[in-house]
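Student: when you get a sec, could you give me coordinates for this:
(2 chains, ligands or ions: 2)
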Amino acid sequence: MSDSERRPLPAIDIKGVSKVYSVGGQTVQALREVNLTIKKGEFACLIGASGCGKSTLLRIMAGFETASSGVVNMYGKPIVGPSPERGMVFQDYGLFPWLTVKENIGFGQRQRNLPKAKLNEISAYYTDMVGLTKFADYYPGQLSGGMKQRVAIARVLANDCEVLLMDEPFGALDALTREKLQQDLLEIWARTKVTVVFVTHAVEEAVMLSDRVVVMTAGPGRIEEDIKLALARPRDITAIEFNQVRRDITQYLSSHVSSKVAA
Amino acid sequence: MDTTVELPVKMVKPDIRPYIKSWITPLIVPLLLLLGWHAGVKVSGTQLIPLPKEVGLMLYDFAFGGIYDDAFSETLPLHLWSSVTRVYGGFFAAALVGIPLGLLIGRIKLIRDLLDPTLQLLRPVPVTAWLPLSMIFFGIGPNAAIFLVFLGAFYPIVFNTIFGVKAVDNRLFEAALMLGCSGSSLFRQVVLPAAIPSILNGLRLGHGFAWILIVVGEMTGVPEGLGAVIMDGRMLSRTDLVIAGMTVIGIVGYVSDRMLVALNNRLLKWSPQHHV
Ligand SMILES: Nc1ncnc2c1ncn2[C@@H]1O[C@H](COP(=O)(O)OP(=O)(O)OP(=O)(O)O)[C@@H](O)[C@H]1O
Ligand SMILES: [Mg+2]
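Tutor: Numbering: from 1, shown residues only, chains lettered A, B, ... in the order given. Ligands and ions are numbered 1, 2, ... in the order given. Below is the predicted model of the structure:
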């Protein structure tokens, strides 16, 4: 499929997806009838209270879980399992501890039997993209959390992923590191035109990053609001518009939580 | 992360005290033991236990001859060589069988269901209890000893390998799958490296058991080997020979364990917490 042919097709298209887990005879409905379409190149955030099914939805997009019912397509083709086209960035990094930074970044390309020189070139390029050239020969155990997450991002980009799936990637980092990584991610996104689906708890993070904020609610998980953000980039945390949007989204979130508590 | 933090480089005069300390501290207890041994023998006036000095002489004669010139003079290389080849023969055979078997049992459910119960049943049987049977299977001679060594090393190797394979973090499988690594590459590129720390741990334990069992195995009518020397010493009431044999086993076992530790630290340079 050439680019022009598939441009009209959404990067990710989720139709009527439900997910039921069964644990020891009991069933938990994690998602009910979720519909979500993500355009190519879009930066979408999924936000919602703990347990509302954000990770479940993301893992279904990644192909780690299968939907109990419904359809999940990528560029019109059903998603049947994990694939390099959809790169996942985990909150706990998931790096291979026995590989160095550059080997971790080259891991995906290494599966493709490239000539060694080409492989080295690719991993050097992406190591540089995330600013880790000086640490190329370090092992993950010798890196800070922020550096590990850079490696995790670089290794999926180096593998030509078209959709970047991120599950609270910066949740475990301190505020300063998180801000820096957010800026770097936006830069990479602008440069590579990769589609991003980003799960977060933090409203500010969602407003800082995304074109679109998808608010989910629990019991069972579904999409409550889908908000397009018209804010200009680069965004200014102190701007009035920014805070207006942030307030609106916070209100959505808390109203759902309180209505649930009242019920 | 384009700025690096320069660690302050301290210019210190080369201080040899820590080195001396690290050499001397481990020697204190053995020296005190030797001293206590010497004093104990002197004070009690026993004839049954030789003085450390006499064992030292025996060791020298055992290795180089020229003091007693008896049947044991200069025979250390011969006995040592016999024992070492048996230990490593049995140990490598155990590794050769135990590691692949452990990988298969850990990874493939059918093989696990097939073999694991049997292994679990056999495991509580002390390896030394196999001695009579192994003498029936292999006759009186070195093969029975090698079999014991094999068995003793096999259990820790196989069980640690199984544990290592089963304990691989599921997150790593997910990471590998979404990067396009699957099937047999998954085994080679994820399962195997992730299990290496446990496998090495099993090898090290197995290696220790191998040295224990060689002595037991060689005490049963084998003409050569350090176990046989200790047995001969007992029958001839040559306690100095017994202790000399024990000393050699201690030293050789220690040295070859250090070699395994070096291998361990080299293979696991990515994980300082696995260093020994
Ligand atoms: N593997 C699983 N087996 C059984 N139940 C599960 C499993 N994974 C998730 N669930 C359940 O599905 C629901 C949604 O979980 P999920 O992890 O998707 O929530 P989340 O929105 O990502 O929460 P958080 O913000 O805390 O990460 C929860 O009720 C959870 O208990
Ligand atoms: Mg989650």
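Student: CA atoms for contacts and neighbours, from now on please.
Tutor: Noted.
Student: do the host helix or strand of residue A:31 and ligand 1 meet?
Tutor: When elements are assigned from DSSP states H and E, residue A:31 belongs to strand A:26-38. Yes. Strand A:26-38 lies within reach of ligand 1 by C-alpha under 6 Å from any ligand atom, at residue A:30.
Student: now do whichever helix or strand comes after that strand: which elements does it pack against?
Tutor: Sequence-wise, the next helix or strand downstream of strand A:26-38 (DSSP H and E) is strand A:43-48. Taking 3 or more C-alpha pairs under 8 Å, 6 or more residues apart in numbering or on different chains; DSSP states H and E as contact, the helices and strands that strand A:43-48 lies on are helix A:54-62, strand A:195-200, helix A:203-209, strand A:212-217.
Student: is any residue of the third one near ligand 1?
Tutor: No. Using C-alpha under 6 Å from any ligand atom, helix A:203-209 stays clear of ligand 1, coming no nearer than 12.7 Å.
Student: which elements pack onto that helix?
Tutor: Looks like helix A:203-209 contacts strand A:43-48, helix A:240-262 (3+ C-alpha pairs under 8 Å, 6+ apart).
Student: make CSV out of those and add distance to residue B:222 and mean pLDDT.
Tutor: Below are these laid out as CSV (distance: least, C-alpha to C-alpha, whole Å; pLDDT from 0 to 100):
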stretch, distance to residue B:222, mean pLDDT
strand A:43-48, 74, 96
helix A:240-262, 80, 80
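Student: most tightly surrounded among those?
Tutor: Ranked by mean neighbour count, these are led by strand A:43-48 with a mean of 26 (mean count of other C-alpha atoms under 10 Å in any protein chain shown).
Student: relative to it, what are the paired strands and their orientations?
Tutor: strand A:195-200 (parallel), strand A:212-217 (parallel) (DSSP bridges).
Student: got the angle for that strand vs strand A:26-38?
Tutor: 150 degrees (axes from the mean of the first three to the mean of the last three C-alpha atoms, to 10 degrees).
Student: buried deepest among the strands paired with strand A:43-48, which one?
Tutor: Of the strands paired with strand A:43-48, strand A:195-200 is the most buried (mean count of other C-alpha under 10 Å), at a mean of 24.
Student: near ligand 1, anything from that strand?
Tutor: No. Counting by C-alpha under 6 Å from any ligand atom, ligand 1 has no neighbours in strand A:195-200; the shortest distance is 7.5 Å.
Student: list of residues touching that strand?
Tutor: A:11, A:39-48, A:54-55, A:58, A:162-169, A:171, A:189, A:206 (C-alpha atoms under 8 Å, 6 or more residues apart in numbering or on different chains).
Student: before we move on, the earlier item: the strand holding residue A:31 to helix A:54-62, inter-axis angle?
Tutor: 60 degrees.
Student: in strand A:26-38, what's buried?
Tutor: Neighbour counts over strand A:26-38 (16 or more other C-alpha atoms under 10 Å in any protein chain shown) mark A:29, A:30, A:31, A:32, A:33, A:34, A:35, A:36, A:38 as buried.
Student: for the most centrally placed residue in chain A, name its beta-bridge partners.
Tutor: Nearest to the mean C-alpha position of chain A, by C-alpha atoms, centre = their mean, lies residue A:166 at 2.3 Å. Counting by DSSP bridges, residue A:166 is bridged to residue A:89, residue A:198.
Student: that one against residue A:86, yeah?
Tutor: No. With contact defined as C-alpha atoms under 8 Å, residue A:166 and residue A:86 do not form a contacting pair (10.3 Å).
Student: state the mean pLDDT of the one helix or strand residue B:233 maps to.
Tutor: Using DSSP H and E, residue B:233 maps to helix B:226-235. Here helix B:226-235 scores 92 as its mean pLDDT.
Student: which strands or helices does it pack on?
Tutor: For helix B:226-235, the packing partners by 3+ C-alpha pairs under 8 Å, 6+ apart come out as helix B:76-107, helix B:192-218, helix B:239-267.
Student: tell me the most buried of those helices?
Tutor: Counting by mean count of other C-alpha under 10 Å, helix B:192-218 has the highest mean neighbour count of the helices and strands packed on helix B:226-235, with a mean of 23.
Student: and chain B, which residues reach chain A?
Tutor: B:1-2, B:171-172, B:174-181, B:193-194, B:268, B:270-271 (C-alpha under 8 Å from any C-alpha of the partner chain).
Student: would you mind naming what in chain A lies close to ligand 1?
Tutor: Those residues of chain A that sit near ligand 1, judged by C-alpha under 6 Å from any ligand atom, are A:21, A:23, A:30, A:49, A:50, A:51, A:52, A:53, A:54, A:55, A:56.
Student: how does it look with 8 Å?
Tutor: A:20-23, A:27-31, A:48-58, A:167-168, A:200-201, A:218, A:220-221 (C-alpha under 8 Å from any ligand atom).
Student: from those residues, list just the buried residues.
Tutor: For the residues of chain A next to ligand 1, buried by 16+ other C-alpha under 10 Å: A:29-31, A:48-49, A:52-58, A:167-168, A:200-201, A:218, A:220-221.
Student: show me the shaky parts of the chain.
Tutor: Picked chain A for this. Confidence mapping of chain A against pLDDT under 70 gives the ranges A:1-7, A:257-263.
Student: hm, I was asking about chain B
Tutor: Low-confidence segments of chain B (pLDDT under 70): B:1-13.
Student: for ligand 1, see how far away residue A:38 is.
Tutor: Residue A:38 is 19 Å from ligand 1, where distance means C-alpha to the nearest ligand atom, to the nearest Å.
Student: leaving out sequence neighbours, find the closest residue to that residue.
Tutor: Using C-alpha to C-alpha, 6 or more residues apart in numbering or on different chains and skipping the chain neighbours, the partner closest in space to residue A:38 is residue A:12 (5.1 Å).
Student: partners of that neighbour in the sheet?
Tutor: residue A:38, residue A:74.
Student: I'd like to know how far it sits from ligand 1.
Tutor: Per C-alpha to the nearest ligand atom, residue A:12 is found 18 Å from ligand 1.
Student: which bits of the stretch 51-200 of chain A sit near chain B?
Tutor: A:62, A:64, A:82-84, A:86-88, A:94-99, A:107-108, A:111, A:130-132, A:139, A:141, A:147, A:156, A:159.
Student: quick one: the helices in the stretch 51-200 of chain B?
Tutor: Along the stretch 51-200 of chain B, the segments classed as helices by DSSP state H, counting those that start in this stretch run B:52-64, B:76-107, B:109-122, B:131-138, B:142-166, B:170-178, B:184-186, B:192-218.
Student: residue A:175 is nearest to which of those helices?
Tutor: Closest to residue A:175 of these is helix B:170-178 (C-alpha to C-alpha; 25.4 Å).
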